[in-house]
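[1] sequence first, predicted coordinates after that:
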Amino acid sequence: MLRPALGLGLALALLLSSPLAADRLRPADDAGLAQALANARPGDEILLGAGRWRGPLLIATPLTLRGEPGAVVDGAGQGHVIAVDAPDVRITGLGVTGSGSDLDRMDSGIFLTKRATGARVDGNVLTDNLHGIRIQGARDALVSGNRITGRLGRQSELGNGVSVWNAPGAAVEDNEIAQGRDGIFVSVSKKNAFRNNRIHDTRFAIHYMNTSDSEVSGNVSRDNAMGYAIMFSDRLTVTGNSSENDRDYGFLFNSANRSVLSGNRVIGRPAPESRWRDMGQSLEAGVPAPDPASAGNRIAPEKCVFIYNANKNRFTGNHFEGCAIGIHFTAGAEGNLMSRNDFVQNRVQVKYVGTRYLEWSLDGVGNYWSDNAAFDLNGDGLADSAYRPNDMVDKVMWTAPQARMLLTSPAVQILRFAQSRFPALLPGGVTDSHPLMFQNSERPLP
């Protein structure tokens with residue numbers, strides 16, 4: 001048992017050795033801000049009042065940098081507007097503008113170094129920066145609730161809204177991103193999450209390179225050149241995302257393997273039949289498609305989904321509508337499972353040039369095809385006959401586009417009639433043995 005004097009001494013020693021309470025610092029001017037950053041202790045909060053504050057700023061202590069309404073940090077075109085080189089830093093409520101333009105230095109509105117573990121960047125407005133926010137190796141960083149507007153100009157001279165490099169555990173959520181090169185670009189990372197972001201007027205909404213074991217969910221891509229470019233990445237969960245009115249592809253999967261893709265939607269805007277024809281001819285001949293402005297600014301994406309050398313993925317419950325091509329399979333994509341997907345009003349539902357036979361149903365349930373004129377006599381929600389999206393004539397047209405002038409010829413009509421009567425004449429390709437009679441949203445099966 002401690003004697004009273006000894007116990008009092010120990011209590012006093014513990015009190016004196018404990019860290020002092022965090023301070024809230026309110027600098028009055030740029031010099032005061034520089035001094036506050038230099039002298040801050042871990043846990044302090046620096047509060048910036050309304051007005052323009054001079055950057056660049058370097059945060060080298062775990063602290064919170066908070067802005068009152070109207071507070072803007074301006075980098076004046078020099079390097080990173082705010083660089084974070086300490087763990088557990090939070091930046092919130094600020095306007096951030098005016099980074100440098102050096103792509104080699106990766107000039108950014110907010111730059112998180114490898115030491116910025118657990119950083120939190122939320123509720124900021126970033127404009128006119130080369131990169132909006134760059135997570136450069138900062139593990140477990142969170143970028144949430146920001147509004148990021150990039151620059152306009154040549155794609156080769158632009159940065160991304162949010163860039164992630166080698167930052168396991170980093171999450172990018174609930175941001176609105178516009179302009180610049182890509183909305184979100186991630187490379188050489190793992191265990192990341194990209195959720196509920198709204199991205200428009202960029203090249204690719206979300207661009208994945210060499211990033212595995214990650215989640216892409218609930219994002220909205222609108223009016224971009226491409227929605228989601230998933231490349232050289234494995235074991236992803238891609239769910240509940242949408243691509244609306246994107247120009248080229250809704251989803252591109254290039255060497256993306258063993259992933260689950262469910263509940264995603266690609267919606268184009270149906271165009272007049274003449275534009276479908278012109279676009280189809282352009283795709284076959286390898287020339288640019290007609291200017292969307294000529295069709296009343298209505299966009300029919302070239303492909304809802306393009307799958308290139310992507311293997312052992314599972315596509316279920318997705319909706320692909322209003323594209324020139326629903327799904328294009330090429331370059332040996334194998335082992336992909338397709339079930340309960342909706343293919344609605346695509347000019348060509350499936351393009352697959354190959355000799356292998358692919359079964360697109362799973363456990364007795366296939367997909368919905370809007371052009372499948374079938375019957376369901378027993379009322380089980382499944383068509384009574386199999387569906388094949390392509391025939392030999394389609395393959396001839398894909399391999400020899402010049403033959404399109406023969407589409408209405410008696411020879412082609414006889415060939416299609418013969419194939420309908422003798423299925424053995426059909427080439428290898430996609431077969432849905434149990435096509436759905438209703439879209440999943442209309443009458444989901446158990």
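    Okay, I see it. The shown structure was predicted, so the numbers you read here are calculated from the model rather than taken from an experiment.

[2] how far away is E176 from F194?
    Distance of E176 to F194, computed by Cβ to Cβ, to the nearest Å: 14 Å. Yep, even glycine has a C-beta here, placed from its N, CA and C like the rest.

[3] so where is this protein shaky, pLDDT-wise?
    1-21, 269-299, 331, 353-355, 391-409, 411-428, 442-446 (pLDDT under 70).

[4] find the residue at the geometric middle of it.
    Against the mean C-alpha coordinate of the chain, by Cα atoms, centre = their mean, the closest residue is I206 at 2.8 Å.

[5] wait, that residue sits on N224?
    No: using Cβ atoms under 8 Å, I206 is not in contact with N224; the gap is 9.5 Å.

[6] spatially, what comes nearest to M209 if we skip its sequence neighbours?
    Excluding the flanking residues, the one nearest M209 by Cβ to Cβ, 6 or more residues apart in numbering is S187, at 4.4 Å.

[7] what's near enough to touch that neighbour?
    164-166, 209-211 (Cβ atoms under 8 Å, 6 or more residues apart in numbering).

[8] so which of those sit within strands?
    Counting by DSSP state E, the part of those found in strands is 164-165, 209-211.

[9] which one of these sits in the busiest neighbourhood?
    V164 (30 neighbours; other Cβ atoms under 10 Å).

[10] look at the closest residue to that one other than its chain neighbours and say how many residues are nearby.
    In this structure, V164 finds its nearest non-sequential neighbour in V186, 4.1 Å apart by Cβ to Cβ, 6+ apart. Residues contacting V186 under the criterion other Cβ under 10 Å number 28.

[11] V186 and A28, how far apart?
    Distance, V186 to A28, using Cβ to Cβ: 40 Å.

[12] what does L58 give?
    From L58 to A28 the distance is 20 Å (Cβ to Cβ).

[13] which stretches of this structure form helices?
    4-17, 30-39, 273-285, 392-399, 410-421 (DSSP state H).

[14] just list the residues touching G335, thanks.
    Listed by Cβ under 8 Å, 6+ apart, the contact set of G335 reads 311-313.

[15] again, only using 10 Å
    By Cβ atoms under 10 Å, 6 or more residues apart in numbering, the contact set of G335 is 257-258, 310-314, 358.

[16] thinking again about what came up before, overlap of the contact sets of I206 and N224?
    If you check I206 and N224 against Cβ under 10 Å, 6+ apart, the residues they both contact are 182-183, 199.

[17] turn those into CSV, including neighbour count and distance to M338.
    Formatted as CSV, the shared contacts of I206 and N224 follow (neighbours: other Cβ atoms under 10 Å; distance: Cβ to Cβ, whole Å):
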residue, neighbour count, distance to M338
D182, 26, 28
G183, 34, 28
I199, 27, 27
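
[18] L58 and A28: which has the busier surroundings?
    A direct count of neighbours by other Cβ under 10 Å for L58 and A28 places L58 higher, at 18 against 8.

[19] the more buried one contacts V73, correct?
    No: counting by Cβ atoms under 10 Å, L58 sits too far from V73 to count as a contact (11.9 Å).

[20] what sits in contact with each of the two?
    Common neighbours of L58 and V73 (criterion: Cβ under 10 Å, 6+ apart): I82.

[21] looks like E302 contacts I327 (just checking).
    No: applying Cβ under 10 Å as the test, E302 and I327 come out as separate, 12.0 Å apart.

[22] out of these two, which sits in the busier spot?
    Using other Cβ under 10 Å as the criterion, E302 and I327 rank with I327 on top: 28 against 22.

[23] name the nearest residue to that one, sequence neighbours excluded.
    Using Cβ to Cβ, 6+ apart and skipping the chain neighbours, the partner closest in space to I327 is V305 (4.6 Å).

[24] name the residues linked to the one you found by a beta bridge.
    Under DSSP bridges, the beta-bridge partners of V305 are F251, I327.

[25] returning to what we had before: which residues does the residue nearest to V164 bridge with?
    Applying DSSP bridges, one finds that V186 bridges with V164, Y208.

[26] ok so, going back, how about the contacts of S187 in CSV, adding distance to L362?
    Converted to CSV, the contacts of S187 look like this (distance: Cβ to Cβ, whole Å):
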residue, distance to L362
V164, 33
W165, 37
N166, 36
M209, 30
N210, 29
T211, 27
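
[27] between those residues, which sits nearest L252?
    The shortest approach to L252 among the contacts of S187 belongs to M209, at 11.9 Å (Cβ to Cβ).

[28] partner residues bridging H319?
    Beta-bridge pairing for H319 (DSSP bridges): R265, D342.

[29] count of residues packed around it?
    Counted with other Cβ under 10 Å, residues neighbouring H319 total 19.

[30] same check, this time on E173
    Number of residues near E173 (other Cβ under 10 Å) recorded here: 18.

[31] that one contacts A141, correct?
    No: with contact defined as Cβ under 10 Å, E173 does not reach A141; the gap is 11.4 Å.

[32] hang on, D223 packs against G268?
    No: under the criterion of Cβ under 10 Å, D223 makes no contact with G268, lying 11.7 Å away.

[33] quick revisit: settle it for me: which of E176 and F194 has more neighbours?
    F194 (30 against 17).

[34] now do the contacts for the more buried one.
    Contacts for F194 (Cβ under 10 Å, 6+ apart) come out as 143, 162, 164, 170-173, 175, 183-184, 186, 205-206, 208, 211, 214-219, 228, 238, 241.

[35] ok, what's across the strand from it?
    Beta-bridge partners recorded for F194 (DSSP bridges): V172, V216.
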